[in-house]
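# Need coordinates for the below:
(chains A, B, C and D)
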Protein chains: 2
Amino acid sequence: MSTIRDVARVAGVSTATVSRVINAPEAVSKATRERVRRAMQVCRYKYNALARGFVTKRSHTLGLIIPTITNPIFAESTRGAQDLANEKGYQVILANSDYEYDKESELIDVLRERQVEGLLITTTSLGGKVLQTLLAEGFPFVLLYSTIRKGPISAVGVDNYSGGYRATEHLVNLGHRRIAMLAGGFSFSDRSHHRWFGYKKCLAENGITYDPALVKQGPYTLAGGKEAIKILLSSENPPTAIFCSNDYMALGAMQGAKESGVAIPENLSIVGFDDMAISSFISPGLTTIRQPAYEMGRLGTELLLSHIGKSVTRPTHNMLQTSLIIRETTATLRNG
Amino acid sequence: MSTIRDVARVAGVSTATVSRVINAPEAVSKATRERVRRAMQVCRYKYNALARGFVTKRSHTLGLIIPTITNPIFAESTRGAQDLANEKGYQVILANSDYEYDKESELIDVLRERQVEGLLITTTSLGGKVLQTLLAEGFPFVLLYSTIRKGPISAVGVDNYSGGYRATEHLVNLGHRRIAMLAGGFSFSDRSHHRWFGYKKCLAENGITYDPALVKQGPYTLAGGKEAIKILLSSENPPTAIFCSNDYMALGAMQGAKESGVAIPENLSIVGFDDMAISSFISPGLTTIRQPAYEMGRLGTELLLSHIGKSVTRPTHNMLQTSLIIRETTATLRNG
DNA sequence: TTGTACGCGTTATCAC
DNA sequence: GTGATAACGCGTACAA
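Here you go, the predicted model:
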């Protein structure tokens, strides 16, 4: 691999001049510029961005930590993050935490060692010490899919509480009273927890007694949703409607209901959360609480970039709008 | 940010010794080792992996170029690639080409400038000069979702031809004769092209005249599938069955059929290609040709890693098995 | 407009 | 077992 020095030698100039034609071509006379360019061709010179970063102390790299790229909603926000990052000359290193705090913690270390300039994190634990450490050390990071709306940490997210409330309310308005919730584990998803609060609050305000037996916490997976709903449906007093903490689980739940011989929406209404691109393409179309994932990725990255390089930054909390998208998995309660 | 020199000074040793306790602790006496470790704590020392890579000439980074992370099948292979990479101490930079040759080409340059040690590419153009350049320069790369089974380029893929054949054959066996194909554009997806060859061959072997009007090339998207099928279904002699070049399009097609008032599988059979995790969770379950995407990602990465660092390597072609997964979107032709 | 020389944080080589 | 020091490829004062 030829270096800037080889090019300089071939072109008969100094390395500084070569560096100039790379970074500030106008600062070099046209003649030498051309000469250098030819020399680069001859040497099949490849620019070394790492070496540059080494001296400028800028890696132009961002770290993105998500639970798993396998859930399409995270693919959407990832794409948003990547698109903006690339537009600004950044690349992103992707990492999956699998909703495990230890992995998240480990990944943060690994990525920092790699000199990422900032981190986009969908955190597993808002209260854990990893975020506090980042904060204390002044390392730039932004939370994605965040529940916070104040405090020292910058974040982009939606109001999960009101989202959970509206999802439940929609079911209540349809006449349902035995409304279950399939939740992601509260221990690793405060988003799920917030949605649950909204769910509970809505029940209370509508005079419906909260029944803990109707709430199942489980893994945020297709199989998890399928399994959980089967247990729910085989109970002695099964629900007539279910609010799923995300669309991904909801897909699993739909499948589980089908296998249990329960028709949707005739015998069971389902509301999801996220509105993955796919959710409007399945049949029946999934009623859900939409959160703008792609936008979230973009905005989070924009926010992060605005923090990078600045010694002091005012934390920003960007709460995006959710909306109830009514499709075909919800219907009026029969005999209700 | 404190460096190895700060630590050395505080511990009263040389930088070489600090480096040793990091990379080969046994080579240092227990006493000094402890002293250095304490000094690292005091300095809140953070290891700089980039600086190391700069001298060892190893970035421990891989580049992964896919069409788009938004298609869940690529999320699966990406996860496979990441999992193996991480196990081996590598991180991966993700990049989307959107099936565009120019972007692919540009990304290769950008990633190489960043000193990735190797590239995993789902290429848009097998014949383009970018791969030839990589080859000529001896840069390590492996093709994913590849159609090739010989030649100088290492690759992991499946037999798309036989996959296309079997998908079509399944429909023929069900009594269908007007079988359409929704294909990804041949210009950017030779996979799609190979599947089409299989499709054509199967028709021919079963005495079915090939009708070009039944083949629609289009974008590999949900909307693309939906749009294309509507055109097909509104023609004067519509198909009774459709082979979709991937599951993602197939989802779009199912939605398009529904909107056109055509019931699946009663009035229209659909076969996909890929078997995304979601495909078995939707309703009706998608009949499809399964390719092991997660495995492909892992295997491709393993292969790439085995190439890295070796000056000469024998190209390896790993063809994985596909399988026909019969679910609910295909049925016997009525009045057939 | 161009060149010289130093430094970035680490590893590797060679002494001791 | 430990230390001194030259690299690695590049940007950037500063000088010319």
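# so who does A:V110 touch?
Counting by Cβ atoms under 8 Å, 6 or more residues apart in numbering or on different chains, A:V110 touches A:A95, B:Q91. Where you see a C-beta, it was placed from the backbone N, CA and C, and this is true even at glycine.
# and the residue in the stretch 101-250 of chain A that DNA strand D sits nearest to, what does it touch?
Closest approach between the stretch 101-250 of chain A and DNA strand D, counting by Cβ to the nearest atom of the strand: A:Q115, at 13.4 Å. With contact set as Cβ under 8 Å, 6+ apart, A:Q115 has these partners: A:G53, A:S59, A:T61, B:N48, B:A49, B:L50.
# hmm, try it at 7 Å
The contact partners of A:Q115, by Cβ atoms under 7 Å, 6 or more residues apart in numbering or on different chains, come to A:S59, B:N48, B:A49, B:L50.
# Which of those fall in helices?
Using DSSP state H, B:A49, B:L50 are the members of those that sit in helices.
# CA-only coordinates of the strand or helix carrying A:I289 in PDB, if you can.
Per DSSP states H and E: A:I289 is located in strand A:287-290. What follows is strand A:287-290 as a C-alpha-only set of coordinates in PDB (Å, rounded to 0.1, in the frame of the first residue of the first chain):
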ATOM      1  CA  THR A 287     -54.100  -1.700  14.400                       C
ATOM      2  CA  THR A 288     -51.200  -0.100  16.200                       C
ATOM      3  CA  ILE A 289     -49.700   3.000  17.800                       C
ATOM      4  CA  ARG A 290     -47.300   4.400  15.200                       C
END
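# quick one: stretch A:173-181 to chain centroid distance?
Chain-centre distance of stretch A:173-181: 29 Å, with Cα atoms, centre = their mean, to the nearest Å.
# Which residue, other than its chain neighbours, is closest to A:K103?
Residue nearest to A:K103 in three dimensions, not counting chain neighbours: A:S97, with 4.6 Å by Cβ to Cβ, 6 or more residues apart in numbering or on different chains.
# Is it correct that that neighbour is in contact with A:E106?
No - proximity of A:S97 to A:E106 does not meet the contact threshold set by Cβ atoms under 7 Å, at 8.8 Å.
# right, and the helix or strand after the strand holding A:I289?
Sequence-wise, the next helix or strand downstream of strand A:287-290 (DSSP H and E) is helix A:293-307.
# What are the contacting residues of the helix or strand where A:L171 lies?
Using DSSP H and E, A:L171 sits within helix A:160-173. Defining contact as Cβ under 7 Å, 6+ apart, one finds that helix A:160-173 is touched by A:147, A:179, A:191, A:194-199, A:201-203, A:206, A:241, A:243, A:269, A:271, A:273, A:289, A:322, A:324, A:330.
# again, but for stretch A:223-231
Against stretch A:223-231 from outside (Cβ under 7 Å, 6+ apart): A:182, A:216, A:218, A:242, A:244, A:249-253, A:255-257, A:260.
# Am I right that A:T133 sits in a strand?
No - counting by DSSP: H, G, I helix; E, B strand; the rest coil, A:T133 is not found in a strand; it is helix.
# So what's the residue count around it?
Residues lying near A:T133 (other Cβ atoms under 10 Å in any protein chain shown) number 13.
# Quick one, grab the pLDDT at it.
As predicted, A:T133 sits at a pLDDT of 96.
# Which of the contacts of stretch A:223-231 fall within helices?
A:M249, A:A250, A:L251, A:G252, A:A253, A:Q255, A:G256, A:A257.
# Identify the residues contacting the first one.
Residues counted as contacts of A:M249 (Cβ under 7 Å, 6+ apart) are A:L182, A:Y220, A:G224, A:G225.
# Which residues of chain A lie near DNA strand C?
Within chain A, the positions near DNA strand C by Cβ under 7 Å from any atom of the strand are A:12-17, A:20, A:27-29, A:31-33, A:54-55, A:57.
# What does A:C202 show for phi and psi?
Main-chain torsions, A:C202, degrees, to the nearest 10: phi -60, psi -40.
# Chain neighbours aside, what residue packs nearest to it?
Excluding its sequence neighbours, the residue lying closest to A:C202 (Cβ to Cβ, 6+ apart) is A:T168, at 3.9 Å.
# And what about A:R33, helix, strand or coil?
Following three-state DSSP, the label given to A:R33 is helix.
# Pull the contacting residues for it.
Residues in contact with A:R33 (Cβ under 7 Å, 6+ apart) are A:V21, A:P25.
# Next one: it relative to A:A16, how far apart?
Counting by Cβ to Cβ, to the nearest Å, the gap from A:R33 to A:A16 is 13 Å.
# Likewise for A:N160?
According to Cβ to Cβ, A:N160 and A:A16 sit 54 Å apart.
# what about these two, which has more around it?
Neighbour count, other Cβ under 10 Å: between A:N160 and A:A16, A:N160 has more, with 26 against 10.
# And the pLDDT at the more buried one?
97.
# Look up which residues are beta-bridged to A:G63.
Following DSSP bridges, A:G63 is listed with bridge partners A:I93, A:L119.
# residues near it, how many?
Neighbour count of A:G63, defined by other Cβ under 10 Å: 24.
# residue contacts, A:V215?
Applying Cβ under 7 Å, 6+ apart, we find A:V215 in contact with A:A180, A:M181, A:A183, A:W196.
# nearest to B:I153, of those residues?
Nearest to B:I153 among the contacts of A:V215 is A:A183, at 47.4 Å by Cβ to Cβ.
# Surely that closest one touches A:Q217?
Yes - counting by Cβ under 7 Å, A:A183 does reach A:Q217; the two are 4.9 Å apart.
# circling back to that earlier point, what's the offset of the helix holding A:L171 from the middle of its chain?
Helix A:160-173 sits 22 Å away from the centroid of its parent chain (Cα atoms, centre = their mean).
# buried set for that helix?
Within helix A:160-173, the residues that qualify as buried by neighbour count (16 or more other Cβ atoms under 10 Å in any protein chain shown) are A:160-172.
# got these as a markdown table, with distance to B:I264 columns?
Shown next, in a markdown table, are those (distance: Cβ to Cβ, whole Å):
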| residue | distance to B:I264 |
| --- | --- |
| A:N160 | 35 |
| A:Y161 | 39 |
| A:S162 | 37 |
| A:G163 | 32 |
| A:G164 | 34 |
| A:Y165 | 36 |
| A:R166 | 32 |
| A:A167 | 29 |
| A:T168 | 33 |
| A:E169 | 34 |
| A:H170 | 28 |
| A:L171 | 29 |
| A:V172 | 34 |
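# Now do the contacts for the nearest residue to A:V21 once chain neighbours are set aside.
Spatial nearest neighbour of A:V21, excluding adjacent residues (Cβ to Cβ, 6+ apart): A:V36 at 4.6 Å. The contact partners of A:V36, taken as Cβ under 7 Å, 6+ apart, are A:V7, A:A11, A:V13, A:T17, A:V18, A:V21.
# so A:V36 sits in a helix?
Yes - checked against three-state DSSP, A:V36 lies within a helix.
# measure it to A:V10 for me?
For A:V36, the distance to A:V10 (Cβ to Cβ) stands at 9 Å.
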